[in-house]
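Visitor: any chance you could fold what I've pasted below:
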Amino acid sequence: MNSSETECSNTSVATFDIPGYEILEEIGEGGMGRVYKAIQLNLRRPVAIKRLNAIPTGQAVSCFQQRMSADGVARPSSCRGRLR
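Guide: Below you'll find the model as predicted:
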């Protein structure tokens, strides 16, 4: 088994569906949830989807939105280069 086969065996495909997206693989995990690489089908472009671990409270959602805005991730174009 070569290194690319080993690397691929460590990734998992999401066990959920989101209409309009094809989820390809899990690309990260953190304290708030998991991040998946996906394709937005209508625009045929790669995107990152973050799925939170638990049902978030209003405060958690607000905190998440502030972090994403501060990191510049709120704009679709800011992640585009990192997913290719």
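
Visitor: from here on, contacts and neighbour counts on C-alpha atoms
Guide: OK.

Visitor: what about the helices in the protein?
Guide: 3-9, 58-70, 77-80 (DSSP state H).

Visitor: ranges for the strands of this structure?
Guide: 21-29, 33-40, 45-52 (DSSP state E).

Visitor: can you name every helix or strand that the first one contacts?
Guide: Yep, that's strand 21-29 we're talking about. Counting contacts by 3 or more Cα pairs under 8 Å, 6 or more residues apart in numbering; DSSP states H and E, strand 21-29 packs against strand 33-40.

Visitor: what mean pLDDT does the strand it packs on get?
Guide: What strand 33-40 shows for mean pLDDT is 93.

Visitor: just the CA atoms of stretch 42-52, as CSV, please.
Guide: C-alpha atoms of stretch 42-52 as CSV (Å, rounded to 0.1, in the frame of the first residue of the first chain):
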residue,chain,number,x,y,z
ASN,A,42,-25.3,24.1,-9.1
LEU,A,43,-22.0,26.1,-9.4
ARG,A,44,-19.7,23.0,-9.6
ARG,A,45,-17.3,24.5,-7.1
PRO,A,46,-15.5,23.1,-4.1
VAL,A,47,-16.7,24.3,-0.7
ALA,A,48,-16.1,23.5,2.9
ILE,A,49,-19.0,22.6,5.1
LYS,A,50,-18.7,22.7,8.9
ARG,A,51,-21.1,20.5,10.9
LEU,A,52,-21.5,21.4,14.5
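
Visitor: tell me which residues in it are buried?
Guide: 46-50, 52 (16 or more other Cα atoms under 10 Å).
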